[in-house]
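In: need a structure here:
(chains A and B)
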There are 2 protein chains.
Amino acid sequence: MEILSQNRSHGGVQGVYSHASQETGTEMTFSVFVPPHETGAKLPVLWYLSGLTCTHANVTEKGEYRAACAGHGIVFVAPDTSPRGDDVPDAEGEYDFGKGAGFYVDATEEPWAKTYRMRSYIERELPDLIAAEFPVDMQRQAITGHSMGGHGALTIGLRNPNRFRSISAFSPIVAPSRVAWGEKALGRYLGDNRDSWREYDAVALIEDGARHDHILVDQGTADDFLEDQLKTGALAMACAKAGMEPVIRMQEGYDHSYYFISTFLGEHVAWHGERLRG
Amino acid sequence: MEILSQNRSHGGVQGVYSHASQETGTEMTFSVFVPPHETGAKLPVLWYLSGLTCTHANVTEKGEYRAACAGHGIVFVAPDTSPRGDDVPDAEGEYDFGKGAGFYVDATEEPWAKTYRMRSYIERELPDLIAAEFPVDMQRQAITGHSMGGHGALTIGLRNPNRFRSISAFSPIVAPSRVAWGEKALGRYLGDNRDSWREYDAVALIEDGARHDHILVDQGTADDFLEDQLKTGALAMACAKAGMEPVIRMQEGYDHSYYFISTFLGEHVAWHGERLRG
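Out: Numbers count the residues shown, from 1 in each chain, chains lettered A, B, ... in the order given. Just a heads-up that it's a prediction; the model follows:
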């Protein structure tokens, strides 16, 4: 692991790091905030998965999470959204597919299958690195994310309920199988057999039996993508049918931007913090 | 005035605006955060002046001030750091002079004198626009800034003690006449007569009789520019000789970046807020 930068912030250290990923076959960059803590302490971890076009940098610069993480003693990890580099296949001119748009799947179709392995990267490889390199207690993890990353947080969380004590999301794509962004990405990464999409669709996972008791979603009412791509209502419906009681908050007047995320990310950190204690 | 963007954030509205400036003869962009408030209320204003290479955008995206401004009911205004546009003379390849480096002076030398009028822009023109367009009480103003903008906040504040109830700064250039950044900028904008530089030098202003009772400075000890360009100690010395008692805090391990500013900007907002009440 290579240190790209480390800056003192809110009493802790905001770092940016890179490493050679076995899963993607590329150099991967991620950021980690380690709050102030006593020597030898092992802290809980909150994962943040970013949205379309983003890298680790967007939330690291604009997320306003460090004060809350310092207050609650939580390590904050922000991975990239896809493999990177000249050797990685891309869809030129398409912001919603290819680089910056890995959709947290393990691709099975060519030419994506070799490098677009963001599911295994987030579920297995990066956690092992974080556990080895940072002062963390991997028995206490939670996950959140925005938009495509909200989809990632919900699906990874629902598939791994014992690993993540709590799941939250901002403006998540809750049912990618049913919306344009998702149909394009899942179709090209996974192929035409829609059965293979279901483990990458939060609503389908719940329909198929996945459960979690601690889910929090914030969705802005002025979000231009709400109706066509995000469909928060479909998550509420699926949870109701399954007897789950997520907290879904429609936030009046907020849009899809980091001005929205940064308003509520501190609250999400605190909410996860309650569930990560002890 | 043209609205470039408005986003709900922390219960208020973060806007970015532009207008045709008479002082600079150019289109100027600035940002304003208006916190939640009762209809008809007039709120105090905190000005934030940015550092070298910055626009309004750096602090707007990375500053983490909105939660505190919402809590204290303060309007936050962030201007640009120089005139902009193809017609504005620039020093190509120099990050510390020309565009992005107006140093908050009214230039007297050619070719800068016509457009580089950031002093008059910040001291007179933009306040008139803010007073006309936003719900503000111009009897209650305070000013802060970073690096070159800390120099701007200190000098504009010291020259206008009745307008600004309080002045704060992050990593300010306290004595530009004595450091490379300042000697280059003041020499080229104002000419060789160093007497004309003194009103743009916080330490010189204090030596010449300027006073203010409410000054707060935060300076990181790991700031690479501290020794050669910032010279916080010279401000402490000048204030001591003048019988002023500023709060100057050396912050252990912090550098010159927004990771430092965002750690303490909320505290500055609160500190100004105490002085802007009533």
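In: What's the local residue count around residue A:247?
Out: By other CB atoms under 10 Å in any protein chain shown, 11 other residues sit near residue A:247. The C-beta positions use only the backbone N, C-alpha and C, and glycine is treated the same way.
In: For the nearest residue to it once chain neighbours are set aside, which residues are in contact?
Out: In space, and not counting its chain neighbours, residue A:247 is closest to residue A:216: 4.7 Å by CB to CB, 6 or more residues apart in numbering or on different chains. For residue A:216, the contact set (CB atoms under 8 Å, 6 or more residues apart in numbering or on different chains) comprises A:166, A:167, A:168, A:169, A:246, A:247, A:249, A:268, A:271.
In: is any part of stretch A:133-149 close to chain B?
Out: No - Stretch A:133-149 stays clear of chain B (CB under 8 Å from any CB of the partner chain), getting no nearer than 14.6 Å.
In: quick one: average pLDDT of that stretch?
Out: Averaging the model's pLDDT scores along stretch A:133-149 yields 98.
In: So the residue nearest to residue A:247 versus residue B:148, what's the distance?
Out: Look at residue A:216 and residue B:148: by CB to CB, to the nearest Å, they are 42 Å apart.
In: related to what we said a few turns ago, that's a strand at the residue nearest to residue A:247, yeah?
Out: Yes - assessed with DSSP: H, G, I helix; E, B strand; the rest coil, residue A:216 lies in a strand.
In: Give me the pLDDT value at it.
Out: At residue A:216, the model reports a pLDDT of 98.
In: beta partners of it?
Out: In this entry, residue A:216 is beta-bridged to residue A:168, residue A:247, by DSSP bridges.
In: got the contact list for the closest residue to chain B within the stretch 101-250 of chain A?
Out: Residue nearest to chain B within the stretch 101-250 of chain A (CB to the nearest CB): residue A:222, separated by 6.9 Å. Neighbouring residues of residue A:222 by CB under 8 Å, 6+ apart: A:253, A:254, A:255, B:8.
In: wait, what's in contact with the last one?
Out: Remark: with contacts taken as CB under 8 Å, 6+ apart, residue B:8 is in contact with A:220, A:222, A:253, A:254, A:255, A:259, A:260, A:263, B:14.
In: can you rerun that using 10 Å?
Out: A:220-222, A:251-255, A:257, A:259-260, A:263, B:14, B:36 (CB atoms under 10 Å, 6 or more residues apart in numbering or on different chains).
In: with those residues in mind, which one is nearest to residue A:28?
Out: residue A:257 (25.6 Å; CB to CB).
In: how far away is that closest one from residue A:119?
Out: Separation of residue A:257 from residue A:119 (CB to CB) stands at 27 Å.
In: between the two, which one's more packed in?
Out: Between residue A:257 and residue A:119, counting by other CB under 10 Å, residue A:119 is the more crowded of the two (21 against 18).
In: which residues touch the nearest residue to that one once chain neighbours are set aside?
Out: Counting by CB to CB, 6+ apart, residue A:119 lies nearest to residue A:106, which is 4.5 Å off, once chain neighbours are set aside. By CB under 10 Å, 6+ apart, the contact list for residue A:106 reads A:23, A:112-113, A:116-121, A:123, A:189-190, A:199-200.
In: How about the helix or strand where residue A:15 lies, which residues are buried there?
Out: Using DSSP states H and E, residue A:15 maps to strand A:12-20. Within strand A:12-20, the residues that count as buried by 16 or more other CB atoms under 10 Å in any protein chain shown are A:12, A:13, A:14, A:15, A:16, A:17, A:18.
In: partners of the fifth one in the sheet?
Out: Taking DSSP bridges, one obtains residue A:5, residue A:31 as the residues bridged to residue A:16.
In: Is it in contact with residue A:1, as I believe?
Out: No - counting by CB atoms under 10 Å, residue A:16 stays clear of residue A:1, with 11.1 Å between them.
In: Need the residues touching each of the two.
Out: In contact with both residue A:16 and residue A:1: residue A:30, using CB under 10 Å, 6+ apart.
In: So which bits of chain A are right by chain B?
Out: Applying CB under 10 Å from any CB of the partner chain, we find that chain A lies next to chain B at A:5-14, A:33, A:58, A:60-67, A:70, A:220-222, A:251-264, A:266.
In: Please check those and keep the buried ones.
Out: Buried subset of these (neighbour count, 16+ other CB under 10 Å): A:7-10, A:12-14, A:33, A:58, A:60-67, A:70, A:220, A:251, A:254-264, A:266.
In: Excluding chain neighbours, what is closest to residue A:225?
Out: Of all residues not flanking residue A:225 in the chain, residue A:256 sits nearest, at 5.6 Å (CB to CB, 6+ apart).
In: Okay, the one you found and residue A:143: tell me how far apart.
Out: Separation of residue A:256 from residue A:143 (CB to CB) stands at 20 Å.
In: what does residue A:54 give?
Out: 16 Å.
In: So those two - more neighbours on which side?
Out: Each of residue A:54 and residue A:143 has its neighbours counted (other CB under 10 Å); residue A:143 has more, 27 against 21.
In: so how far is residue A:244 from the most centrally placed residue in chain A?
Out: Compute the mean C-alpha point of chain A, and by CA atoms, centre = their mean the closest residue is residue A:49, 2.3 Å away. To residue A:244, residue A:49 is 21 Å away according to CB to CB.
In: Same check on residue A:23?
Out: Separation of residue A:23 from residue A:244 (CB to CB): 31 Å.
In: Check residue A:224 too.
Out: Counting by CB to CB, the separation of residue A:224 from residue A:244 is 28 Å.
In: With neighbour numbers in mind, choose between those two.
Out: Neighbours were counted for residue A:224 and for residue A:244 using other CB under 10 Å; residue A:244 has more, 17 against 11.
In: from what I can see, residue A:3 looks like it's in a strand, true?
Out: Yes - counting by three-state DSSP, residue A:3 is part of a strand.
In: any weak-confidence spans in chain A?
Out: Low-confidence segments of chain A, defined by pLDDT under 70, are absent.
In: Which stretches in it count as helices?
Out: Along chain A, counting by DSSP state H, helices occupy A:56-62, A:66-72, A:118-120, A:126-133, A:148-159, A:180-190, A:202-207, A:232-242, A:258-276.
In: Packed most tightly, which of those would that be?
Out: Highest mean neighbour count of those: helix A:148-159, a mean of 28 (counted as mean count of other CB atoms under 10 Å in any protein chain shown).
In: Kindly calculate the angle that it makes with helix A:232-242.
Out: Relative orientation of helix A:148-159 and helix A:232-242, computed by axes from the mean of the first three to the mean of the last three CA atoms, to 10 degrees: 10 degrees.
In: And the residue of the stretch 101-250 of chain A closest to chain B, how close does it get to residue B:14?
Out: Taking CB to CB as the measure, residue A:222 falls 13 Å from residue B:14.
In: got any residues that touch both of the two?
Out: B:7, B:8.
In: Report back the residue of chain A that's furthest from centre.
Out: residue A:39 (28.8 Å).
In: Could you measure from it over to residue A:135?
Out: Using CB to CB, residue A:39 is found at 9 Å from residue A:135.
In: tell me the contacts of residue A:190?
Out: Residue A:190 is in contact with A:103, A:105, A:106, A:107, A:108, A:109, A:112, A:113, A:196, A:197, A:199, A:200, counting by CB under 10 Å, 6+ apart.
In: which one is it nearest to, not counting chain neighbours?
Out: residue A:196 (4.9 Å).
In: try residue A:214
Out: Leaving aside its sequence neighbours, residue A:214 sits nearest to residue A:166 (CB to CB, 6+ apart; 3.9 Å).
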